[in-house]
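Engineer: sequence first, predicted model second:
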Amino acid sequence: MPELSALGVALGALTAAALLAALLRGRVLALVYPVCAAAAGLIAIVDLTVLLGGGDLKAALPIGLPAIGLHLRLDALSAFFGIVVNGGIVAASVYGMGLDADHDLTPRVEPLFPLFAAAMNLVLVADDAYAFLLSWELMSLASWALVLARHTDPESQRAAHLYLVMAAIGTAALLFAFGGLAGPAGGYAFDTIRAHHPAPLVAALILTAALVGCGSKGGLVPLHAWLPLAHPAAPSHVSALMSGVMTKVAIYGFVRIALDLLGPPSWWWALPPIVLGAVSAVLGLLYAVLDRDLKRVLAYSTIENVGVIFVALGLALAFRANGKNEAAAVAMAAGLLHVLNHSWFKSLLFLGAGAILHATGRRDLEGLGGLIHRMPRTAFFCLVGALAISALPPLNGFVSEWLLFQAVIAAPELPQPALQFASPAVGAMLALAAALAAACFVRVYGIAFLGRPRSLEAANAHDVPLIQQAALGGLALLCVLGGLLGSVLTWAIAPVLRALVDGALPAGDGPTPLSLVAFDPARSIYDAPILALFITISSLATAFIVHRVSERRTRRAPAWDCGFPDPSPATQYTAASFAQPLRRVYGALAFSARDTVEMPPPGDLRPARLSVVLVDHLWRIFYTAPGRMVLAVSLRLNVLQFLTIRRYLVLMFGALVILLSIAAVTT
Amino acid sequence: MTGHDMTGSLLVQFLAQGVQMTLVLLISPLAVGVVRRVKAVLMRRQGAPLLQAYRDLVKLVRKEAIVAESASWLFRTAPYLIFALTWVAAALVPSFASGLMFNWAADVVALVALLGAARALLALAGMDVGTSFGGIGSSREMMIATLAEPAMMLIVLTLAIAAGTTRLAGVADFFIAQPFAVRVSMALSLIALLIVALAENARIPVDNPITHLELTMVHEAMVLEYSGRHLALIESASHLKLVLYFSLLVCLFAPFGMAPAAAGLAGWLVGLLAWIAKIMLCAALLGVWEVSIAKMRVFRLPDFLGIAFVFGFIAILLAFLSRGVLA
Amino acid sequence: MNGYDISHLLAGAMLVTSFALLYQDRIAAVLNAFAMQSITLALAVAWAAWSDDRPDLYITALIALALKGIVIPLALHRTVERLGIHHSVEKVVGVGVALMVGLALTGLAQALVVKVASGTASHAREQLALALAIVLLGFLMMIVRRNAVTQVVGFMSMENGLILAATGARGMPLVVEVSVAFSVLIALFVFAVFVFRIRERFDTVDIEALDRMRGDSR
């Protein structure tokens, strides 16, 4: 099979690139990115042929656990996620090719980059629990090392530490989940797991473990705390991979377990992903909209998008459990397309953040501004990304959002009251998240690119090399095309939908061949090409007519600003002031936000001070409290380190006797 | 009833759609004129002539445009895009007939999102020059949108539960076919939609369209730097948006008179007259409303839009009940 | 437009006034909302009397209209005026939170009624769900508002919900009806005395003041 050998060659090339870069360093480091781009491109082509052509690729390697070996398989689901992952890798690698060979390349990043890419691809093709966990762990470790790229920075150290802890918890949970799936017989191959269905209670435990394992990697609230620290700590093109792509591997894990391996779903499986997803969507953006660090805002918004995807997956489970396969296909298509779309616009925005960082050396929004004049192309591509991530038509973010809303609107047809009542609540939360996303990205874009420069660095910024602009431009083009050709994408993922939920979206039923139809053209329809056509025609026609009729002169003059223009850029609205209304409306509830104004008495020359206190309740409840508990317990258990040998023997003997007596009683 | 009905007379459909687009564009300044006139009469003012809004637009288009020195290309292209987005969105709402071509192009979810795109562009344009007022307007506008959109989603959900579709024409057809009845869920949705419409159109009590008191401006603050043809386009877009929401209200809650999908020219004419009458009635009622209430402080708005949210939610719960799906 | 629609409309309107009670932050507005609720209740009961042909319900409607629609709100208005406490209501939680909890309670009421009364006719079930929601919202109001007057209103609103439920249940005899009405009247009387006493002693109608008296709030 040529596809299989191509896959092997590509993975081999990635491994070789990692090894050679680690050993030889120097000039070889610059070669990593072209190799990665080529290898990932090759894998993406293989994935595409498998997705569209059907027919799984299978391989078994004689390494791994004895008597099991290492099973690899590329089916439609893996292929779809493979396209997402490798698309992101190609974009990040092309961006990486533009890095300055003398300043930007270090042996701390470049050898790990192909390793990280290879590990993510391996997770997708793993066909037994052993291979899955092994490559999952490899992916975690590679990304952890990449987070430590600036290892002297205390923030990076803290981020890496937290990430390591969370990754360990996540992998432990997955280990538990696969243990449950394999059952007492210990069939770790996915085929064996699929064949037998666990008892309801066991299934609940497995689902919880999968949600913890995959949710912690994807950043589902309350397991998100590491993500906004770790993702921005890495170099920007690696951040793009972590946020845009690695979170998708986490989602792949959940889809694989919950919709494929675990057997026919029960309706209540849907509730945890829907509830946690909706909460993540809203909270992620509330964090994002209040943050000042450009890359951290993007990382928080990843939490939102992962939440949105989990809502879609939960709805798919709910519909599937009730035999409503058509609706399940709508929800699943929404989830999968959002996976694809998010990987595009989030990679685009992170690479854009990298460009800004490169051009100005600043990540702090308060020091940016006016970059649209200095970096026109980057600014244009980032505008596309910002509008796409805000789910605005006719760009790609809205396609998946629209499908998801259609699924939410169909949810009242479910027979279970809990799911029916969830539908308006979740719908409102998703609408809130969409509106907050628009607010968040208007803020980010408006502060960073528009207005007047707030610092010298921003005033003297210069655009990035052409090849990096090309990476941004390619992703921006995908965002536009994905928005217009949503119906083509839903057609392309039809094999995945059939495999997972045994349903499909109606294709070609609409009035025009490219209109997107969720259930029935009479019920809901969205025709992006027609809308885009009419918007284009009417804006061009308007521009033509207005320019014919009007006085065509345009005069440049100082800003009006109600008659009191102030030349100082400091009088502009800042990121913090833009967020102030949102902080007052939502912050009080979510973060117990409190403003205190310290106003010196008249005559006093001290400046007035406004201080804002925000409390991260999730951190307090889910991290500080358990951390203290672990510390307290370990202090108690510390005594065990200082016992005499005889006492240790007593402990061991006691344990042995207890276990033996349990065995005697139970068998 | 599927999309294939329309292919038969594509040209007629195209023309009818063109008529609708021209119609909403032409009638929108008149609706604004009616609102202003009613307000003036009720306040015992002389008031501007009914057609003043048209004259304003013509005058603005012909004047020279002044662009701030710190403005970028975004500032100059945004008005055209905002105008086009709002215009297409306004043409998506069924006005005089329910079977037009655009009714097969987008449902109400997409309609709301198109308006969201126009809003985001306007907010960005407000921040482009880099003044404090532009920032105030943009930030408040986006905050108001976060309050209005969840309520809007709930309204859409209620309508979808009742009519089984999110296509506006489908909803209108459904209600035309039903015998008249006052349903609590529909009444609550109507109130919720009225509140959302006031917020979206920057009307009192959310925002005052005629204010130029700096600290209370929302919409006006964003467009402060615009002049000439750019301002004309933005003003026209806001007129279009007003007519859009009027059309939406009458299409969803008072669709009688609208020509059904298979109607001929005579039906369209009746529908057209009914639509114009209803739009003008809405405009007059808005005028009465605006003189009888004061503008709210910005941070009272969560409470005001919260009413829309709560009513929308109760409406859904009641719709669940009356549909009897909980059985 | 049939009878079923109208009773549904009236019960739904009562639910809306329940939310209005939670939403208002001035005592006079709370009292007006309560009067609205009681008048709507009277209409709902009268409609049930007419459509089901049960003349005894007219008496119930009359009691609701006269006592709770007119007399009690007027009396409370006067009390508030005499005490000079017509300013804003003391709240334990914000309006937003209270409303969200209220929505959740309404959902809960519906889910519960579906479980419990699955055998009954759909009309009675809806009435019961709405009535239960009104009762729960009245209870919620007593919890989240600290002012003694609004507590009285919350209590009366709960009673409104009970009467609505009884009307739908088709079988509550008039005697029970009258005795409930009187017990409520007595309760109101007790409350009124209570409010005056607190006011005399503590110069406020904030019921937190009572905790200080008991000495168990630090």
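Structural biologist: Received, thanks.

Engineer: tell me the contacts of whichever residue of chain B sits closest to chain C?
Structural biologist: Chain B approaches chain C most closely through B:Val184 (3.1 Å), counting by C-beta to the nearest C-beta. C-beta here means a position set from N, CA and C on the backbone, and glycine is covered the same way. By C-beta atoms under 8 Å, 6 or more residues apart in numbering or on different chains, the residues touching B:Val184 are B:315, B:318, C:8-9, C:12-13, C:16.

Engineer: and for the closest residue to it other than its chain neighbours, the neighbour number?
Structural biologist: Take B:Val184 and drop its neighbours on the chain: the residue closest to it by C-beta to C-beta, 6 or more residues apart in numbering or on different chains is C:Gly12, 3.1 Å away. Neighbour count of C:Gly12, defined by other C-beta atoms under 10 Å in any protein chain shown: 24.

Engineer: filter the contacts of B:Val184 down to just the ones in helices.
Structural biologist: B:315, B:318, C:8-9, C:12-13, C:16 (DSSP state H).

Engineer: residue of chain B closest to chain A, please.
Structural biologist: For chain B, C-beta to the nearest C-beta, closest residue to chain A: B:Gly135, 2.1 Å.

Engineer: surely that residue is in contact with A:Ala575?
Structural biologist: No: counting by C-beta atoms under 8 Å, B:Gly135 does not reach A:Ala575; the two are 10.0 Å apart.

Engineer: relative to A:Ile257, how far out is A:Ser204?
Structural biologist: Actually, residue A:204 is Ala rather than Ser. Going from A:Ala204 to A:Ile257 by C-beta to C-beta, to the nearest Å gives 13 Å.

Engineer: so for the two, which sits in the more crowded spot?
Structural biologist: Taking neighbours as other C-beta under 10 Å, A:Ala204 and A:Ile257 compare with A:Ile257 leading, 24 against 16.

Engineer: quick one, what contacts that one?
Structural biologist: A:177, A:181, A:206-207, A:210, A:214.

Engineer: for these, which one is nearest A:Asn322?
Structural biologist: Of all the contacts of A:Ile257, A:Asn322 sits closest to A:Leu207, with 17.3 Å by C-beta to C-beta.

Engineer: count of neighbours near that closest one?
Structural biologist: By the criterion of other C-beta under 10 Å, A:Leu207 has 24 neighbours.

Engineer: got phi/psi on the closest residue in space to it that isn't next to it in sequence?
Structural biologist: Closest residue to A:Leu207 apart from its sequence neighbours, by C-beta to C-beta, 6+ apart: A:Trp269 at 5.6 Å. The phi and psi values for A:Trp269, taken as degrees, to the nearest 10, are phi -60, psi -30.

Engineer: neighbours of A:Trp269, just the number please.
Structural biologist: Counted by other C-beta under 10 Å, the residues lying close to A:Trp269 total 21.

Engineer: check it and give its pLDDT.
Structural biologist: Looking at A:Trp269, its pLDDT is 92.

Engineer: list the contacts for it?
Structural biologist: Applying C-beta under 8 Å, 6+ apart, the residues contacting A:Trp269 are A:203, A:207, A:258, A:314, A:317, A:321.

Engineer: mind running it again at 7 Å?
Structural biologist: Neighbouring residues of A:Trp269 by C-beta atoms under 7 Å, 6 or more residues apart in numbering or on different chains: A:207, A:258, A:317, A:321.

Engineer: so the third one, which state does it fall into?
Structural biologist: What it means is A:Leu317. Taking DSSP: H, G, I helix; E, B strand; the rest coil as the rule, one finds A:Leu317 in the helix state.

Engineer: and if you look at A:Arg73?
Structural biologist: Going by three-state DSSP: A:Arg73 is strand.

Engineer: what about it, how many neighbours?
Structural biologist: A:Arg73 has 19 neighbouring residues, counting by other C-beta under 10 Å.

Engineer: surely it touches A:Asp127?
Structural biologist: Yes: assessed by C-beta atoms under 7 Å, A:Arg73 is found in contact with A:Asp127 at 3.8 Å.

Engineer: mean confidence score for stretch A:396-406?
Structural biologist: Here stretch A:396-406 scores 95 as its mean pLDDT.

Engineer: show me where chain B has its helices.
Structural biologist: Ranges of helices in chain B, per DSSP H, are B:10-42, B:52-62, B:73-92, B:108-128, B:132-163, B:168-177, B:184-200, B:219-222, B:228-253, B:265-291, B:301-323.

Engineer: ah, wrong one, I meant the stretch 251-400 of chain A
Structural biologist: Using DSSP state H, counting those that start in this stretch, the helices assigned to the stretch 251-400 of chain A run over residues A:271-290, A:294-321, A:325-360, A:371-374, A:376-389, A:396-410.

Engineer: mind putting the ones you listed in TSV, mean neighbour count and distance to A:Pro265 included?
Structural biologist: Listed next are the helices of the stretch 251-400 of chain A as TSV, based on neighbours: other C-beta atoms under 10 Å in any protein chain shown; distance: least, C-beta to C-beta, whole Å:
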stretch	mean neighbour count	distance to A:Pro265
helix A:271-290	25	11
helix A:294-321	28	4
helix A:325-360	27	10
helix A:371-374	22	48
helix A:376-389	24	30
helix A:396-410	28	15
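
Engineer: mean pLDDT added to the helices of chain B, as a markdown table?
Structural biologist: Formatted as a markdown table, the helices of chain B follow (pLDDT from 0 to 100):
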| stretch | mean pLDDT |
| --- | --- |
| helix B:10-42 | 88 |
| helix B:52-62 | 93 |
| helix B:73-92 | 94 |
| helix B:108-128 | 95 |
| helix B:132-163 | 92 |
| helix B:168-177 | 85 |
| helix B:184-200 | 92 |
| helix B:219-222 | 88 |
| helix B:228-253 | 93 |
| helix B:265-291 | 91 |
| helix B:301-323 | 87 |
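
Engineer: tell me which parts of chain C are close to chain A?
Structural biologist: C:96, C:107, C:111, C:114 (C-beta under 7 Å from any C-beta of the partner chain).

Engineer: can you narrow the residues you listed to ones near chain B?
Structural biologist: Applying C-beta under 7 Å from any C-beta, the subset of the residues of chain C next to chain A adjacent to chain B comprises C:96, C:107, C:114.

Engineer: tell me the SS of the first one?
Structural biologist: Spelled out, that is C:Gly96. helix.

Engineer: before we move on, back to that, hang on, the residue nearest to B:Val184 packs against B:Leu317?
Structural biologist: No: C:Gly12 is beyond contact range of B:Leu317, at 9.5 Å (criterion: C-beta under 7 Å).

Engineer: pop the domain breakdown of chain A in here.
Structural biologist: Following automatic domain parsing, chain A resolves into domains at A:1-179, A:582-615, A:622-666.

Engineer: neighbour-wise, which one of the contacts of A:Ile257 leads?
Structural biologist: Among the contacts of A:Ile257, A:Cys214 has the most neighbours (other C-beta under 10 Å), with 30 neighbours.

Engineer: closest one to chain A out of the ones next to chain B among the residues of chain C next to chain A, please.
Structural biologist: Closest to chain A out of those is C:Gly107 (4.6 Å), distances taken as C-beta to the nearest C-beta.

Engineer: tell me the spacing between the residue of chain B closest to chain C and C:Ala49.
Structural biologist: From B:Val184 to C:Ala49 the distance is 21 Å (C-beta to C-beta).

Engineer: which of the contacts of A:Ile257 sits closest to C:Arg146?
Structural biologist: Among those, A:Leu207 lies closest to C:Arg146 (C-beta to C-beta), at 43.3 Å.

Engineer: what helix or strand does the closest one sit in?
Structural biologist: Secondary structure from DSSP states H and E places A:Leu207 in helix A:200-218.

Engineer: now the angle from that helix to helix A:294-321?
Structural biologist: Comparing the axes of helix A:200-218 and helix A:294-321 via axes from the mean of the first three to the mean of the last three C-alpha atoms, to 10 degrees yields an angle of 160 degrees.

Engineer: since that was my last question, I'll sign off now.
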